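>>> What follows is a predicted structure for the sequence shown.
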Amino acid sequence: MKTEDVDFTSEFHLELPSEKDRSGFGENNIMTPESANIVCCYGLVLWFDTRFTDRFSREQPALLSTSPHNPKTHWSQTLLTFREPIALTDSLMDFSEKAGIEKIGSESLPALALNGRLSIARSSRHRSIDISVEISAIQRDGLKRTWPVQMFDI
């Protein structure tokens, strides 16, 4: 890794898993906005994977992962919490009678997806990084609500 690789920006898109992939999210058969499957997203979890290949371990390439799906390491994960939870749904029901951009992402007008951008940059403090997160909730008709950028000093 080069020093300049520490600073980067990545965009992401999040939505609820499909019905066949979902477990533990509630009812699968959605008929009305009142019975829609709504899940609150409270933040993002970050982790890293590092591959040790040819240069360091030609005979036995290895992967160091801090993913919550792999064995624990002393690095663990980083949790970035939102200022307020954002409600998501997988329902294609029309919530438009409850419309209002300021409500998108609320339980009364859940979003279908979250679009965002995560930027990581070296901090002026030794062995620290600055993280910024930009989030927009997208409704089925294309309307979106954007929250102010959140900054994290890790």
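Looks like it arrived, so ask away.

>>> for the lengthiest strand in the chain, the distance to its chain's centre please.
If you go by DSSP state E, the chain has its longest strand at strand 78-89. On the basis of CA atoms, centre = their mean, to the nearest Å, strand 78-89 sits 8 Å off its chain's mean C-alpha point.

>>> Does anything pack onto it? Which helices or strands?
Strand 78-89 sits against strand 38-46, strand 113-122, strand 129-138, strand 150-153, with contacts defined as 3 or more CB pairs under 8 Å, 6 or more residues apart in numbering; DSSP states H and E. (C-beta placed from N, C-alpha, C; glycine too.)

>>> Neighbouring strands - and their directions - for the shortest one?
Strand 150-153 has these partner strands in its sheet, going by DSSP bridges: strand 129-138 (antiparallel).

>>> Would you mind giving the helices and strands packed on strand 78-89 as a markdown table with mean neighbour count and mean pLDDT added?
Formatted as a markdown table, the helices and strands packed on strand 78-89 follow (neighbours: other CB atoms under 10 Å; pLDDT from 0 to 100):
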| stretch | mean neighbour count | mean pLDDT |
| --- | --- | --- |
| strand 38-46 | 16 | 94 |
| strand 113-122 | 16 | 96 |
| strand 129-138 | 19 | 96 |
| strand 150-153 | 13 | 95 |
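
>>> Can you tell me which of these is nearest to residue 84?
For these, the distance to residue 84 is smallest for strand 38-46, at 9.0 Å, taking CB to CB.

>>> right, and the helix or strand after the closest one?
strand 49-52 (DSSP states H and E).

>>> The residue nearest to residue 104 when sequence neighbours are not counted sits in which helix or strand?
Excluding its sequence neighbours, the residue lying closest to residue 104 (CB to CB, 6 or more residues apart in numbering) is residue 145, at 3.9 Å. Assigned by DSSP H and E, residue 145 belongs to strand 144-146.

>>> From the centroid of the chain, which residue is nearest?
residue 44 (4.4 Å; CA atoms, centre = their mean).

>>> Give the full set of residues in contact with that one.
79, 80, 118, 133 (CB atoms under 8 Å, 6 or more residues apart in numbering).

>>> Which residues are in contact with the nearest residue to the last one once chain neighbours are set aside?
Leaving aside its sequence neighbours, residue 133 sits nearest to residue 150 (CB to CB, 6+ apart; 4.9 Å). Contact analysis of residue 150 by CB under 8 Å, 6+ apart lists 80, 82, 83, 132, 133, 135.
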